[in-house]
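Enquirer: Mind folding the following:
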Amino acid sequence: MSGSQQRRGARTGLLATVCLTAVLAGCAGPAAQPKPAPAAGAAGKVGAAPEAAPLLLPGLARQEEEGGNAAEARQADAAGAALAAAQHWGLDRPPLKAPPRPATRAALTPVQGVKLKDGRPPVVFRVPTEDKVVFLTVDDGYEKDPEFSKMAAELGIPLSAFLSDYLVRDNYGYYRDLHKQGVEINNHTINHRNLKVLDYETQRQEICNQQDQLEQQIGVRPRLFRPPYGEYNDDTLRAAASCGVQAVPLWNEEAFPDHMEWRYDDRKLHPGDIILTHFRGVSDWKATMPDLLRKVVNDVTAAGFSLGRLDDYL
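Expert: Numbers count the residues shown, from 1 in each chain. Here you go, the predicted model:
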């Protein structure tokens, strides 16, 4: 063995002895961490690790690194899945992720878009929020397209449905399945009549009987009610309150597969806007429910908004 090899072997043995001693004392830093150079005038003293340096055993450092890598991998997988779903359903880009569900529903005040009266559920055209979020609501229940429910589930699109019994009584199972995948089911009366021309007791039957029917069929008594055609009077609100309705959401925009109709002249989305559409299909629109959802998601995303679930805010 040459002299240089002997010196290297001696240094290696000394380093191993120092590291073992430090580990047994419980104060060893990572093996790969270089020791600081001795301060001037400190020749002959063993340099100590800086006080600010974290002291981690190699095993803990590996766990921390592996945990970070796993989180990054999960994020990458989620982004890849979102992109694949968007491409599969023909979207321009994946939908923006909605903000977290509010811990509590904010108390409503009489601002623009909200009408309040003592003893009556609030009437809401626009949800008071600063989040760049809008809400998609689907009315009636005529079209029961399995591709629509599949598309909403795969894209993670939150919806709120407002059902009329006369259109859905032949297949409540479709809406039970929608509810299981996270769609809230709400009240749109038994027979979809213009409530404004009916007496109080008839209005109450239309609203409260549908509350009972949805509770029986879906398993949850609705909190939200939307009057057909958006037509209501004080008797409507009084009747709705009598059977447990907590809010009456109307809408700002109405969506179709090929265009959006706007309530206001600026023709753009605002935080808290409620978008109305319907369970319709080719016989009415010459297009499908997935065509409708594609148009809505593309428009909302292009405007920099995400879609939230109305029931989380009202």
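Enquirer: My guess is G90 contacts R294. True?
Expert: Yes - using Cβ atoms under 8 Å, G90 is in contact with R294, at 5.7 Å. To be clear about C-beta, it is placed using only N, CA and C from the backbone, and glycine gets the same treatment.
Enquirer: and A70, helix, strand or coil?
Expert: Following DSSP: H, G, I helix; E, B strand; the rest coil, the label given to A70 is helix.
Enquirer: pLDDT score for it?
Expert: Note on A70: pLDDT of 79.
Enquirer: What count of nearby residues applies to it?
Expert: Under the neighbour criterion other Cβ atoms under 10 Å, A70 is assigned a count of 10.
Enquirer: can you tell me how far it sits from A78?
Expert: Distance of A70 to A78, computed by Cβ to Cβ, to the nearest Å: 13 Å.
Enquirer: And K295, by the same measure?
Expert: Counting by Cβ to Cβ - K295 and A78 are separated by 25 Å.
Enquirer: Settle it for me: which of these two has more neighbours?
Expert: Of the pair K295 and A78, K295 is the one with more neighbours under other Cβ under 10 Å, namely 18 against 11.
Enquirer: coming back round to it: higher neighbour count, G90 and R294?
Expert: Higher neighbour count among G90 and R294: R294, with 20 against 11, using other Cβ under 10 Å.
Enquirer: Secondary structure element for the more buried one, which one?
Expert: Using DSSP states H and E, R294 sits in helix 289-302.
Enquirer: can you give me phi and psi for the most centrally placed residue in the chain?
Expert: For the chain, the residue nearest the mean C-alpha position is A98 (4.3 Å; Cα atoms, centre = their mean). Dihedral pair for A98: phi -70, psi 150, per degrees, to the nearest 10.
Enquirer: Now do the same contact list for the residue lying closest to D235 once chain neighbours are set aside.
Expert: Setting aside the residues directly before and after it, D235 is nearest to Y200 in space (Cβ to Cβ, 6 or more residues apart in numbering), at 4.3 Å. Taking Cβ atoms under 8 Å, 6 or more residues apart in numbering, we find Y200 in contact with D235, R238, A239.
Enquirer: the strands in the chain, which residues?
Expert: For the chain, the strands defined by DSSP state E cover 114-115, 123-124, 133-140, 160-163, 184-187, 248-249, 253-255, 260-262, 274-278, 306-308.
Enquirer: Mean neighbour count, mean pLDDT and distance to Q210 for those strands - can I get that in JSON lines?
Expert: Shown next, in JSON lines, are the strands of the chain (neighbours: other Cβ atoms under 10 Å; pLDDT from 0 to 100; distance: least, Cβ to Cβ, whole Å):
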{"stretch": "strand 114-115", "mean neighbour count": "16", "mean pLDDT": "94", "distance to Q210": "22"}
{"stretch": "strand 123-124", "mean neighbour count": "22", "mean pLDDT": "97", "distance to Q210": "18"}
{"stretch": "strand 133-140", "mean neighbour count": "24", "mean pLDDT": "98", "distance to Q210": "12"}
{"stretch": "strand 160-163", "mean neighbour count": "26", "mean pLDDT": "98", "distance to Q210": "8"}
{"stretch": "strand 184-187", "mean neighbour count": "26", "mean pLDDT": "97", "distance to Q210": "5"}
{"stretch": "strand 248-249", "mean neighbour count": "24", "mean pLDDT": "98", "distance to Q210": "14"}
{"stretch": "strand 253-255", "mean neighbour count": "20", "mean pLDDT": "98", "distance to Q210": "22"}
{"stretch": "strand 260-262", "mean neighbour count": "14", "mean pLDDT": "96", "distance to Q210": "26"}
{"stretch": "strand 274-278", "mean neighbour count": "22", "mean pLDDT": "98", "distance to Q210": "17"}
{"stretch": "strand 306-308", "mean neighbour count": "22", "mean pLDDT": "96", "distance to Q210": "25"}
